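[1] Whatever this is, show me its structure:
(4 chains)
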Protein chains: 2
Amino acid sequence: MKTKRNTKQRRLVLDAVRSLTNHPSADEIYVYLRRLDSRISRGTVYRNLNVLAEEGEINHIRVPAADRYDFRTDRHYHMICSRCGRVFDAPIEYAEENDRAAEEGTGFKVKCHNTVFEGMCPDCLE
Amino acid sequence: MKTKRNTKQRRLVLDAVRSLTNHPSADEIYVYLRRLDSRISRGTVYRNLNVLAEEGEINHIRVPAADRYDFRTDRHYHMICSRCGRVFDAPIEYAEENDRAAEEGTGFKVKCHNTVFEGMCPDCLE
DNA sequence: GTATATAATAGTAATAAGTCCTAATAATGA
DNA sequence: TCATTATTAGGACTTATTACTATTATATAC
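    This is a model prediction of the structure:
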């Protein structure tokens, strides 16, 4: 009966992810939140990001260097710029059928898949 | 004119990746190589893995926790078990057309994409 | 083959993302 | 209002990876 509590810090983290719409990293969220609550700690930010992602309130994006978080909870892909490191949404449909196809023959039980396109963003191409 | 040198250590790292066919991490490669050359250093292993991946001799797989390396240099996808962390090849064709599609409208110049399926491997399903 | 320039190495220190620990705090249900 | 205990702040710790530096050894020139 571990009841999840609705703490001020958890609400702050959720609101931060919803406000920072450019795929912020945990550290960026922490820095942003310190301006609103000068006592919030890094550990609290990381913990609540994990809790909220588990509950499906936000999306955890696994990309090189530092993971990002996304207010969008529908399945979609991302593009990362190899030069500036910024992350963008990709205009590609989630290929649900691949999850089933990947199970065929492998005996795997697939939950989902993550796709990250690598390249150069318009800004970095000059 | 930085000429790449064909050192004993670089050859050892390349041979290791080609011998360890189960998507080893840099540390697993290091541990394996220490048995063949008791003086090889972690830095050397990491550096050569990066050099070899840049040259296209091996493939660098970016997955959570620790990156893996692959003797297969053709583009393909991977599956990771959320329980044991092992990495497998996915029986799905690389969707080349998605790289071009992702450029459409975004202004991105896409080099490639990485897809990782998440789930449970047959062993961990019991 | 020998000398030379410098890429690469071993070993270690440093960095960075993220987790873990503990006493103190505060949200929840009774 | 009170008791329980999930959560917090703050800092220590872990793990993957990179950076630094004196030394070594490879490729090239002689």
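[2] Spell out which residues of chain A are next to DNA strand D.
    Applying Cβ under 7 Å from any atom of the strand, we find that chain A lies next to DNA strand D at A:1-5, A:7, A:9-10, A:37, A:39-44, A:47-48, A:51. All C-beta spots, glycine's among them, are computed from the backbone N, C-alpha and C.
[3] Which of those residues fall in helices?
    Judged by DSSP state H, helices contain the following of the residues of chain A next to DNA strand D: A:9-10, A:42-44, A:47-48, A:51.
[4] any idea how far A:N59 lies from A:Y94?
    12 Å (Cβ to Cβ, to the nearest Å).
[5] Which residue of the two possesses the greater neighbour count?
    Using other Cβ atoms under 10 Å in any protein chain shown, the more surrounded residue of A:N59 and A:Y94 is A:N59, with 19 against 15.
[6] which residues does the residue lying closest to that one once chain neighbours are set aside contact?
    Nearest residue to A:N59, sequence neighbours excluded (Cβ to Cβ, 6 or more residues apart in numbering or on different chains): A:D70, at 4.0 Å. Residues touching A:D70, when contacts are defined by Cβ atoms under 8 Å, 6 or more residues apart in numbering or on different chains, comprise A:17, A:23, A:58-61.
[7] B:C84: which of these is nearest?
    Nearest to B:C84 among these: A:H60, at 20.1 Å, using Cβ to Cβ.
[8] Pretty sure that closest one sits in a strand.
    Yes - judged by DSSP: H, G, I helix; E, B strand; the rest coil, A:H60 forms part of a strand.
[9] Quick check: it touching A:A53?
    Yes - A:H60 lies in contact with A:A53 (Cβ atoms under 8 Å); the separation is 4.0 Å.
[10] shared neighbours of these two, anything?
    Both A:H60 and A:A53 are contacted by A:Y69, under the criterion Cβ under 8 Å, 6+ apart.
[11] per-residue pLDDT, A:E126?
    A:E126 is assigned 85 on the pLDDT scale.
[12] Quick check, A:K4 in contact with A:V51.
    Yes - A:K4 lies in contact with A:V51 (Cβ under 8 Å); the separation is 7.3 Å.
[13] Of the two, which one has the most company?
    Neighbour comparison, A:K4 and A:V51: the larger count goes to A:V51, with 15 against 9 (by other Cβ under 10 Å).
[14] Show me which residues of chain A sit near chain B.
    Residues of chain A lying close to chain B by Cβ under 8 Å from any Cβ of the partner chain are A:62, A:64, A:77, A:79, A:81-82, A:88, A:90-92, A:95, A:98-99, A:101-122, A:125.
[15] from these, which ones fall inside strands?
    Judged by DSSP state E, the residues of chain A next to chain B include A:79, A:81, A:88, A:109-120 as members of strands.
[16] Mind telling me the two of those farthest from one another?
    Pairwise distances across those (Cβ to Cβ) peak at 36.5 Å, for the pair A:K109 and A:M120.
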